[in-house]
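Enquirer: Generate a structure from the sequence data that follows.
(one chain, ligands or ions: 1)
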Amino acid sequence: MDLRNGLFLVLCLQFYVSNVCCLHRSQFKSSFLFGTATSSYQIEGAYLEGNKGLSNWDVFTHIQGKIMDGSNGDIADDHYHLYMEDIELMVKLGINSYRFSISWSRILPKGRFGDVNLEGIAFYNRVINAILAKGIEPFVTINHLEIPQELQDRYGAWLSSEIRNDFGYFAEVCFKAFGDRVKYWTTFNEPNLRTKASYMTGTDPPCRCSSPFGNCTYGNSSVEPYTAAHNIILSHATAVHIYRTSYQVKQGGTIGIVIHAKWYEPLRNTIADTLAVKRALAFDQHWFLDPILFGDYPSEMRQILGPNLPTFTSEEKNLLKAKLDFIGINQYTTTYAKDCIYSSCPIDLSDGNALVSTTGERNGQFIGTPTGAPNFFVVPWGIEKVVMHMKQRYNNTPMYITENGYPQASNSSMTAEDFANDIERVNFIHDYLTYLNSAIRKGADVRGYFVWSLLDNFEWGSGFTLRFGLHHVDYKTRERTPRLSTKWYSTFLKGSNIAKNVGTEFMNLEY
Ligand code: NOJ
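Expert: Residues are numbered from 1 along each chain as shown. Prediction:
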């Protein structure tokens, strides 16, 4: 073999390894954050300990019939007491960053109408200090769904502009207490999905909606989701303004927001369905990101909603522009979107006023393999589409994949062994990371990836019926057990070449 042939062979091999064969840690920059994500209500428990106040989810989960399996987060994973054990799991995994959220009612039991709870501050200080001591960067969500019930009772929470002051105050307490060590902040987690659940379909607290979107005692599904979102967007801007003017230079961190970013493909190869995709994206993701980055709502929303969509004053528009340093993306699945303006079809109520119908099926074929969760299909190429879309629309603003993960359906009679060999989760993470890497090679500025979740946990309205964890949690004993995916992720993070479809030999791996 002459030199030229040899060189060609080496190049071919390199191409094969980096594009076809295997995933390798070195395909991502060494500064790339690889982590796992959790949220306070879903894992902490200790809902009445350490002077914590009641959150809206504490109250909601105690109302009979609200949670699928009748469970609640009173104890959840008991992370409040077991956090040191959980940090050891992180160390064994080899992650370099951990995304978690701060319980508002643990820090401010009565919002700004009461004192700062020093026990709450001390708890998060312990967590932050312990992970930093192990070389793991904290990546902190200021608000992951739950709010002090006090704010709901006093003035109706997100429906009132009062909340902007409360959120700004809470965020500042966090910057002051933790900002010397926390370099990655996000204000809100998935407000685009959750405002719909709270005010359009009414499945989340405060359960407000109107027909045909849902069956609630109070609410107006065509107005309130947009009012709540408006207050969230301005609360975000308030917090970022406080951070930028008083803390960022001194503390040297960055701040963003986390958006739930499902991808949509046109159901039919028609202009109408292509426009339906644009509308679906506008009503889902551009709804929050356009005002925060450009200062106003997308035109598709204004056209359909007219006066039901609030307007920003010129002062607010100025406050808003470029109000983030990075976009956090929670990417799980993709569906088809069909136009419902020119075609008659049942409008997807959870996509609200976008006038689209979404489905996971085309000509009797699923868009991807179904999972344990309804309407959740495995569509790895969707993550590349989302990231490339964000890159193009938002001028390649830095991005982090703040969540990506696989659900297994569960019931109380199943054991840890039933969930141990989670090859579907291994393949899921492998394939999504492969497409993410492809987007990065095409120039997308993605800087991190977090698996949802470190542990099985309380999955909101689904209670404990879905398991997303790399580690299994036994909800009777709170024992944590690593799964196949734990060992796979850890092996990948430690730098081995790694294919998917690994055999069960991984189960016996000492990691
Ligand atoms: C998104 C949410 O941020 C998280 O709370 C939830 O548990 C996961 N996705 C899985 O549904």
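Enquirer: Break this protein down into its structural domains.
Expert: If you go by automatic domain parsing, the domain ranges for the chain are 1-24+496-511, 25-495.
Enquirer: Spell out which parts of the stretch 301-450 of the chain neighbour the ligand.
Expert: By Cβ under 6 Å from any ligand atom, the residues of the stretch 301-450 of the chain that approach the ligand are 330, 403. C-beta coordinates here come from the backbone N, C-alpha and C atoms, glycine included.
Enquirer: And the chain, by the same measure?
Expert: Contacts of the chain with the ligand, taken as Cβ under 6 Å from any ligand atom, map to 39, 42, 189-190, 330, 403, 452, 459, 468.
Enquirer: Mind putting those into JSON lines with neighbour count, pLDDT and distance to Asn72?
Expert: Below are the residues of the chain next to the ligand laid out as JSON lines (neighbours: other Cβ atoms under 10 Å; pLDDT from 0 to 100; distance: Cβ to Cβ, whole Å):
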{"residue": "Ser39", "neighbour count": "25", "pLDDT": "99", "distance to Asn72": "15"}
{"residue": "Gln42", "neighbour count": "27", "pLDDT": "99", "distance to Asn72": "11"}
{"residue": "Asn189", "neighbour count": "24", "pLDDT": "98", "distance to Asn72": "20"}
{"residue": "Glu190", "neighbour count": "21", "pLDDT": "98", "distance to Asn72": "21"}
{"residue": "Asn330", "neighbour count": "22", "pLDDT": "98", "distance to Asn72": "23"}
{"residue": "Glu403", "neighbour count": "25", "pLDDT": "99", "distance to Asn72": "22"}
{"residue": "Trp452", "neighbour count": "23", "pLDDT": "98", "distance to Asn72": "20"}
{"residue": "Glu459", "neighbour count": "21", "pLDDT": "98", "distance to Asn72": "12"}
{"residue": "Phe468", "neighbour count": "24", "pLDDT": "98", "distance to Asn72": "18"}
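Enquirer: Show me those that map onto helices.
Expert: Residues of the residues of the chain next to the ligand located in helices (DSSP state H): Gln42.
Enquirer: Out of the residues of the chain next to the ligand, which comes closest to Leu509?
Expert: Phe468 (21.8 Å; Cβ to Cβ).
Enquirer: mind listing what that closest one touches?
Expert: By Cβ atoms under 8 Å, 6 or more residues apart in numbering, the residues touching Phe468 are 405-408, 452-453, 456-457, 459.
Enquirer: Which of these are buried? Put it as a ChimeraX command.
Expert: Buried subset of the contacts of Phe468, written as a ChimeraX selection, criterion 16 or more other Cβ atoms under 10 Å:
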select :405,406,407,408,452,453,456,457,459
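Enquirer: Now for the contacts of Phe468: which two are most distant?
Expert: Greatest spatial distance in those: Tyr406 and Asn457, 14.0 Å, computed using Cβ to Cβ.
Enquirer: Can you show me the strands along the stretch 301-450 of the chain?
Expert: Assigned by DSSP state E, counting those that start in this stretch, the stretch 301-450 of the chain shows strands spanning 326-330, 334-339, 356-359, 361-362, 365-366, 369-370, 377-378, 399-403, 408-409, 446-452.
Enquirer: Tabulate the ones you listed in a markdown table, adding columns for distance to Thr415.
Expert: A markdown table is the format used below for the strands of the stretch 301-450 of the chain (distance: least, Cβ to Cβ, whole Å):
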| stretch | distance to Thr415 |
| --- | --- |
| strand 326-330 | 30 |
| strand 334-339 | 32 |
| strand 356-359 | 35 |
| strand 361-362 | 33 |
| strand 365-366 | 29 |
| strand 369-370 | 23 |
| strand 377-378 | 25 |
| strand 399-403 | 27 |
| strand 408-409 | 13 |
| strand 446-452 | 23 |
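Enquirer: Comparing these, which comes out most buried?
Expert: strand 399-403 (a mean of 27; mean count of other Cβ atoms under 10 Å).
Enquirer: what lines up beside that strand in the sheet?
Expert: strand 326-330 (parallel), strand 446-452 (parallel) (DSSP bridges).
Enquirer: ok, and what's touching that strand?
Expert: Residues contacting strand 399-403 (Cβ under 8 Å, 6+ apart): 33, 37, 99, 139, 184, 186, 189, 256, 258, 326-332, 383, 387, 390-391, 436, 444-452.
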